[in-house]
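S.K.: please work out how this folds:
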Amino acid sequence: MDRHPLETIRKLDPEFFDLVAQSSERAFADGALSAKTKYLLAMVLDAAHGATGGVAWLARQAIEHGASKEEIVEAIRVANYVSGAGSVYTASFGLAEVFK
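M.R.: Numbers count the residues shown, from 1 in each chain. Have a look, this model is predicted:
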């Protein structure tokens, strides 16, 4: 997924998109946890929920914020431990786009 995952919402309802974007900016801002850590957390949550596109998008964001391939893989190991093999399959499909 190379384009923003909410691009369709941006076109259909720009005002609502802006509200969602503001929430995202606050959620992923550096604080007690770094943005990198927050993107890794979100990535594994999407893996656990079966959101392949979200895994790809969030992995790219994590990389842009300094995450290594090794950190991404370790995060997926945690998802497997907590949520099971389904999260690994979802992550694998999502990460295939990222690590072509």
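
S.K.: what helix or strand is the most centrally placed residue in the chain on?
M.R.: Taking CA atoms, centre = their mean, the centroid of the chain lies closest to L58, which sits 2.3 Å from it. Secondary structure assignment for L58, by DSSP states H and E: helix 52-64.

S.K.: what comes up buried for the next helix-or-strand element following that helix?
M.R.: Following helix 52-64 in sequence order, the next helix or strand is helix 69-83 (DSSP H and E). Neighbour-count burial for helix 69-83 flags 72, 75-76, 79-80, 83 (criterion: 16 or more other CB atoms under 10 Å). For the C-beta atoms, the positions are set from N, CA and C on the backbone; glycine is no exception.

S.K.: quick check: angle from helix 69-83 to helix 52-64?
M.R.: Per axes from the mean of the first three to the mean of the last three CA atoms, to 10 degrees, the angle that helix 69-83 makes with helix 52-64 is 140 degrees.
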